[in-house]
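A.B. asks: below is the sequence, then the predicted model.
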2 protein chains.
Amino acid sequence: MELKEYLTEKAEKVNTALDRLLPPDGKSHSKLCRAMRYSVFAGGKRIRPILVLAACEAVGGKEAEAISTACAFECIHTYSLVHDDLPSMDDDDLRRGNPTCHKKFDEATAILAGDALLTFAFQLISESAFNGADKAAALRVVFEVAHGAGPGGMVCGQMVDIESEGSEISFAELENIHILKTGALLRAAVRSGAIIGGADTDELSSLTRYAELVGLAFQIADDILDVEGSTSEIGKTVGADAKLNKATYPALIGLEESKERSRELVERAVEAISGFGPGAEPLRRIARYIVDRKN
Amino acid sequence: MELKEYLTEKAEKVNTALDRLLPPDGKSHSKLCRAMRYSVFAGGKRIRPILVLAACEAVGGKEAEAISTACAFECIHTYSLVHDDLPSMDDDDLRRGNPTCHKKFDEATAILAGDALLTFAFQLISESAFNGADKAAALRVVFEVAHGAGPGGMVCGQMVDIESEGSEISFAELENIHILKTGALLRAAVRSGAIIGGADTDELSSLTRYAELVGLAFQIADDILDVEGSTSEIGKTVGADAKLNKATYPALIGLEESKERSRELVERAVEAISGFGPGAEPLRRIARYIVDRKN
């Protein structure tokens, strides 16, 4: 199967599952649920859930046992976007070409919808055991997600990112922000899929390395897109990062070296899982796709 | 042991554990961790963690296995206060006599500190298995907490509460808001302690009933305090609810009937656990304390 078809097929499965699992929006608490669904279904590529499914597949696990957890990662990713877009944070009006949650609804609703999505993610993971996932594995996944998204990971990255705005930071500091802000959750996604799939220690260690390298490549590719992409393709104002005086790879090490570096990271990521069989082929292709994508 | 001593002893244990478990605030991401600790150590009574410990005790469980989860509940309670106090929500400058998190730090930091506390709570629960708690039980607790705090519980209550501000609501609607906003988390606390302690189905069902009745009594008592308490005793502006035109029990059914109702709920709560032995004595006394407290 071509990667494009693979991504489309998995994204559709994730979307179907999200639609089934998210609270309905026709009840008394409809505004909260409307805001949750509005943001979740605003057109993401479902990279994190697909990484969960692909990592599970790479170690021979069952997709049905990983699908709730895959959805949980999309809920967490969405919550982080909703809160990052708030006026007191990045103050963004558009996300993927649509009004951000606080613009469509209001600030209080956006804060609560983010809180609700974050909390609901853990409900989904705990419910994955109802779909046959091993309970001990599900509990390990709770740890992975909480650690990757919490004060030792993503939230910390967002805080450091905000604090560093407008001030000069070193390459090492920039890399640290990305490892926390983007990398930690991608790493948790790959590890969670592997854990649910029954990975042994060696497999988990190789997949972790893969995820860390892909995470860095992903962020560099994002920075490059911000310089090179068109507004219509990526759905936000191109050059937004530069305008905010945010540190980016192209700004710090130049565009060509950024591209070279992201390609090199991807090759090392693929190398990290060279011992895996054909089940890991989607992971290899996803890694290459990350630096080649246009949005 | 007198209840006062019991509460003091347990609160100290919870505080010691929180201090040990929360991320240190001397590292690179210190602002986030400072804000987390600032809000957690702002002087709460630790009612929710104590309910976890007391419910665990009531079914003969081990305190050491429940302490991380007890701390998780305080993290979730604190996150909810930090977000509720934000300008776009209740816009409160004071909490327990101190500046609220966004006043002490800033809005972005308060949002992220709340996010971090919520996420960290789930890390603590997953880590409770390291302290001997059963993994299947810990996973059930993840579900209880996510369900009680998420879009089917606390967050939903906060949303409905905000939506109903300034409009007339019925007694049934008021009760529904409280069941979601306050009751769901108290219920989850009692159930989680019971699950960790190894409660059987009947015990869990009785304790759930206890928790639901205590939760309602707790909210009525809070409303009464808002009318009767002094600002120095409760640490926020007395009459704040009335000023905001918020629906309260005294406003809807009068002060005397509110008192009568909260006392009756507490007696029914105590009755619900009448089959339990002396291990449930703290739970019985906590129920009575809730309507007698002065802050």
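C.D. replies: Yes, it's here.
A.B. asks: show me the longest helix that occurs in chain A.
C.D. replies: Criterion DSSP state H: the longest helix present in chain A is helix A:201-228.
A.B. asks: buried ones in that one?
C.D. replies: Counting neighbours by 16 or more other Cβ atoms under 10 Å in any protein chain shown, one finds that the buried residues in helix A:201-228 are A:203-204, A:206-227. Bear in mind the C-beta positions are built from the backbone N, C-alpha and C, glycine included.
A.B. asks: how close does residue A:94 get to chain B?
C.D. replies: Residue A:94 is 20 Å from chain B, where distance means Cβ to the nearest Cβ, to the nearest Å.
A.B. asks: ok, now residue A:197?
C.D. replies: Counting by Cβ to the nearest Cβ, the separation of residue A:197 from chain B is 18 Å.
A.B. asks: now do residue A:146
C.D. replies: Going from residue A:146 to chain B by Cβ to the nearest Cβ gives 4 Å.
A.B. asks: hang on, that residue in a helix?
C.D. replies: Yes. Using DSSP: H, G, I helix; E, B strand; the rest coil, the assignment for residue A:146 is a helix.
A.B. asks: surely it meets residue B:118?
C.D. replies: No. Residue A:146 is not in contact with residue B:118 according to Cβ atoms under 8 Å; the separation is 9.5 Å.
A.B. asks: can you list the residues that contact stretch A:74-83?
C.D. replies: Under the criterion Cβ atoms under 8 Å, 6 or more residues apart in numbering or on different chains, residues A:14, A:18, A:22, A:39-40, A:42, A:44, A:46, A:48-49, A:89, A:95, A:100-102, A:110-111, A:113-115, A:117-118, A:120-121, A:124, A:145, A:149, A:154, A:158, A:185, B:111-112, B:115 lie in contact with stretch A:74-83.
A.B. asks: I'd say residue A:227 and residue A:249 touch.
C.D. replies: No. Between residue A:227 and residue A:249 there is no contact, the gap being 9.4 Å when judged by Cβ under 8 Å.
A.B. asks: can you tell me the closest non-neighbouring residue to the residue positioned nearest the centre of chain A?
C.D. replies: What sits nearest the mean C-alpha location of chain A, by Cα atoms, centre = their mean, is residue A:48, with 4.4 Å. With Cβ to Cβ, 6 or more residues apart in numbering or on different chains as the criterion, residue A:48 has its nearest non-adjacent residue at 4.0 Å, and that residue is residue A:73.
A.B. asks: give me the neighbour count for the one you found.
C.D. replies: Other residues within reach of residue A:73, judged by other Cβ atoms under 10 Å in any protein chain shown, total 30.
A.B. asks: now the helix or strand encompassing it, how far from the chain's geometric center?
C.D. replies: In this assignment (DSSP states H and E), residue A:73 forms part of helix A:63-84. The gap between where helix A:63-84 is centred and where its chain is centred comes out at 8 Å by Cα atoms, centre = their mean, to the nearest Å.
A.B. asks: try stretch A:58-72
C.D. replies: Between the mean C-alpha point of stretch A:58-72 and the mean C-alpha point of its chain there is a distance of 16 Å (Cα atoms, centre = their mean).
A.B. asks: for it, give me every contacting residue.
C.D. replies: Contacts for stretch A:58-72 (Cβ under 8 Å, 6+ apart): A:13-14, A:17-18, A:21, A:48-50, A:52-53, A:56-57, A:120-122, A:124-125, A:127-128, A:131-133, A:138, A:141, A:145, A:192-194, A:196-199, A:203, A:207, A:273, A:276, A:279-280, A:282-283.
A.B. asks: avg pLDDT for stretch A:248-267?
C.D. replies: Stretch A:248-267 carries an average pLDDT of 92.
A.B. asks: what does stretch A:45-60 give?
C.D. replies: Averaging pLDDT along stretch A:45-60 yields 97.
A.B. asks: all strands for chain A, in order.
C.D. replies: Assigned by DSSP state E, chain A shows strands spanning A:94-95, A:98-99.
A.B. asks: now the first one, how far from the chain's geometric center?
C.D. replies: Meaning strand A:94-95. Relative to its parent chain, strand A:94-95 has a centroid offset of 17 Å by Cα atoms, centre = their mean.
A.B. asks: what does the last one give?
C.D. replies: For strand A:98-99, the distance from its own C-alpha centre to the chain's C-alpha centre is 20 Å (Cα atoms, centre = their mean).
A.B. asks: strand partners (parallel or antiparallel) of that strand?
C.D. replies: Partner strands for strand A:98-99, per DSSP bridges, with pairing direction: strand A:94-95 (antiparallel).
A.B. asks: now do the residue nearest to residue A:48 against residue A:62, distance only.
C.D. replies: Going from residue A:73 to residue A:62 by Cβ to Cβ, to the nearest Å gives 17 Å.
A.B. asks: which residues sit in contact with the closest residue in space to residue A:19 that isn't next to it in sequence?
C.D. replies: By the measure of Cβ to Cβ, 6+ apart, the closest residue to residue A:19 outside its immediate chain neighbours is residue A:41, 7.9 Å from it. Residue A:41 makes contact with A:15, A:18-19, according to Cβ under 8 Å, 6+ apart.
A.B. asks: quick one: which of those residues has the most company?
C.D. replies: Scoring the contacts of residue A:41 on neighbours with other Cβ under 10 Å, the highest-scoring entry is residue A:18 at 22 neighbours.
A.B. asks: can you report how many residues lie near the nearest residue to residue A:211 once chain neighbours are set aside?
C.D. replies: Closest residue to residue A:211 in three dimensions, ignoring its sequence neighbours and counting by Cβ to Cβ, 6+ apart: residue A:190, at 3.7 Å. As a burial measure, the neighbour count of residue A:190 was computed by other Cβ under 10 Å and equals 30.
A.B. asks: determine the number of other residues adjacent to residue A:275.
C.D. replies: Neighbours around residue A:275, by other Cβ under 10 Å: 10.
A.B. asks: contacting residues for it?
C.D. replies: When contacts are counted by Cβ under 8 Å, 6+ apart, residue A:275 is found next to residue A:206.
A.B. asks: quick check: phi and psi at it.
C.D. replies: phi -80, psi -10 (degrees, to the nearest 10).
A.B. asks: if I look at it, how far off is residue B:53?
C.D. replies: When residue A:275 is compared with residue B:53 (using Cβ to Cβ), they lie 47 Å apart.
A.B. asks: same deal with residue A:191?
C.D. replies: When Cβ to Cβ is applied, the distance between residue A:191 and residue B:53 equals 32 Å.
A.B. asks: again, but for residue A:266
C.D. replies: When Cβ to Cβ is applied, the distance between residue A:266 and residue B:53 equals 50 Å.
A.B. asks: next: residue A:90.
C.D. replies: Between residue A:90 and residue B:53 the distance, using Cβ to Cβ, works out to 41 Å.
A.B. asks: could I get the average pLDDT for stretch A:211-223?
C.D. replies: This predicted structure assigns stretch A:211-223 an average pLDDT of 93.
A.B. asks: contacts for that stretch?
C.D. replies: Applying Cβ under 8 Å, 6+ apart, the set of residues contacting stretch A:211-223 from outside is A:47, A:51, A:55, A:175, A:178-179, A:181-184, A:186-187, A:189-191, A:241, A:248-250, A:258, A:261-263, A:265-266, A:268-269, A:272, A:286-287, A:290-291, A:293.
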